[in-house]
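# based on what follows, work out the 3D shape:
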Amino acid sequence: MADPRAGGGRLRTCAGAALGSATTAVAVTSGTAALHLGMLALGIGPGDLVIVPPITFVASANAARYCGAEVAFVDVEHDTGLISVDALEAFLASYAGPHRVRAVVAVHYAGLPCDLARLGPLCERHGLELIEDACHAPGATWSDAAGRAHPVGGALAGAFAAFSFHPVKHITTAEGGAVVSRRPALIDRVRMLRTHGITRDPRLTRSREGPWWYELQELGFNYRMPDVLAALGTSQMRKHEAWLRRRREIAARYRNRFGGEAGISLQALRPGREHAYHLFPILVERREQVFTELLSSGIRPQVHYIPVHLQPYYRARYGDQRLAAAEDWYRRELSIPMFPAMTEDEVEHVCRSVVDAARRTVAESARAPHSPTTAP
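Predicted coordinates:
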């Protein structure tokens, strides 16, 4: 019988095999738990500063705060929503604050990989830990300076990667996540921290009275994934490649249909990086009007995301900040349906409805007097 403290052994094996033989995955209860435990395992805590892009779910920043660290927000690229390496370099060159910069969270937003080929060496030069928030990106790939392709989340360029198995993600365990790393010591500490801080591993215990022996070595958490949920995730992993192909087919249809439309801009692609399409973001003017029209057509759009630096908690802690690219992205971003069970008729309905709504906004904007854009 499997040890109930193990939590998703088969899922960990499948994930590690998918990402490379040097990589180990530890199943946990959520993507947020993965970020939290990975940062704790790195020793991130009070007095440290973690850099996060503002276009992400709040968990990317909150995990650092759970550890007692502070957060700095660095702006994104205007055409991808990904953390800007140029803005990061400028921040690191000018930062003179009281905290020690410890880590950078690279969020592979929507499923498009960040520029890991630049981020990895940059973090290494500055002595920083690179953390991949890969919750959107199972199956995405990036190419190194030599042109070799690597799976996103393989932790090749950094300390660890965090995955989410929430119901809306590529693979679900109903709720769950994973920490992925090539560092054995980090993996050992994540395993212990997710199980109350308890270990049974003879390599790590300080004494051993018998096979029943376990030790509480530090204060941890109950972040174990139940085996029944891991079984669901394992079954889903067998379907992942087919589902990923379907997401890319739908994305190709969208890109072909929307390319050249005056009222629609698409997330830019980058050479050497293959998108996983958790989301399909488009940028439109008069977003609220387009959003409402899509709802009336039976389509449920969403907005990803309200920039984290604009959230009341972070405004109260760090004051008002102006991150122009992130705020412009938020002002225009709309995520349209993207899931592998979409039928051809549903894809066509979305295409037609988005084009019609965007064309109406372009026509109305041409008739309306110019008014300056205001920040959110």
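# quick check: domain ranges of this structure?
Partitioning the chain according to automatic domain parsing yields domains covering residues 9-237, 240-367.
# out of these, deepest packed?
Burial of the domains of the chain is given as mean neighbour count (mean count of other C-beta atoms under 10 Å); domain 9-237 ranks first at a mean of 20. (Glycine included, C-beta is placed from N, CA and C.)
# give the rounded mean pLDDT of that one.
On average, the pLDDT along domain 9-237 is 94.
# ditto for stretch 325-339
Mean predicted lDDT for stretch 325-339 stands at 98.
# for that stretch, list the C-alpha coordinates in CSV.
Extracted C-alpha coordinates of stretch 325-339, given in CSV (Å, rounded to 0.1, in the frame of the first residue of the first chain):
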residue,chain,number,x,y,z
ALA,A,325,3.3,48.6,-20.5
ALA,A,326,1.5,46.5,-17.9
GLU,A,327,-1.2,49.1,-17.5
ASP,A,328,-1.7,49.4,-21.2
TRP,A,329,-1.8,45.7,-21.6
TYR,A,330,-4.5,45.5,-18.9
ARG,A,331,-6.5,48.3,-20.5
ARG,A,332,-6.8,46.4,-23.8
GLU,A,333,-6.5,42.7,-23.0
LEU,A,334,-9.3,40.2,-23.5
SER,A,335,-8.9,36.4,-23.3
ILE,A,336,-11.2,34.5,-25.6
PRO,A,337,-12.1,30.8,-25.3
MET,A,338,-9.3,28.4,-25.6
PHE,A,339,-9.8,24.7,-24.6
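# distance between that stretch and the chain's centre?
With C-alpha atoms, centre = their mean, to the nearest Å as the basis, stretch 325-339 stands 15 Å off its chain's centre.
# who touches A341 in this structure?
Applying C-beta atoms under 8 Å, 6 or more residues apart in numbering to A341 gives no contacts.
# that one and I250, how far apart?
10 Å (C-beta to C-beta, to the nearest Å).
# ok, now G210?
Distance from G210 to I250, by C-beta to C-beta: 56 Å.
# so which elements touch the longest strand seen in the chain?
The single longest strand within the chain, with elements called by DSSP state E, is strand 100-107. For strand 100-107, the packing partners by 3 or more C-beta pairs under 8 Å, 6 or more residues apart in numbering; DSSP states H and E come out as strand 48-52, helix 59-66, helix 116-126, strand 129-133.
# now the strands: where do they sit in the stretch 201-350 of the chain?
Using DSSP state E, counting those that start in this stretch, the strands of the stretch 201-350 of the chain run over 215-216, 264-266, 273-274, 280-284, 333-336.
# what packs against the last one?
Just to be clear, that refers to strand 333-336. Partner elements for strand 333-336 (3+ C-beta pairs under 8 Å, 6+ apart): strand 280-284, helix 287-296.
# so which of those gets nearest C123?
Nearest to C123 among the helices and strands packed on strand 333-336 is strand 280-284 (26.1 Å), distances taken as C-beta to C-beta.
# in its sheet, what does that closest one sit against?
strand 264-266 (antiparallel), strand 333-336 (antiparallel) (DSSP bridges).
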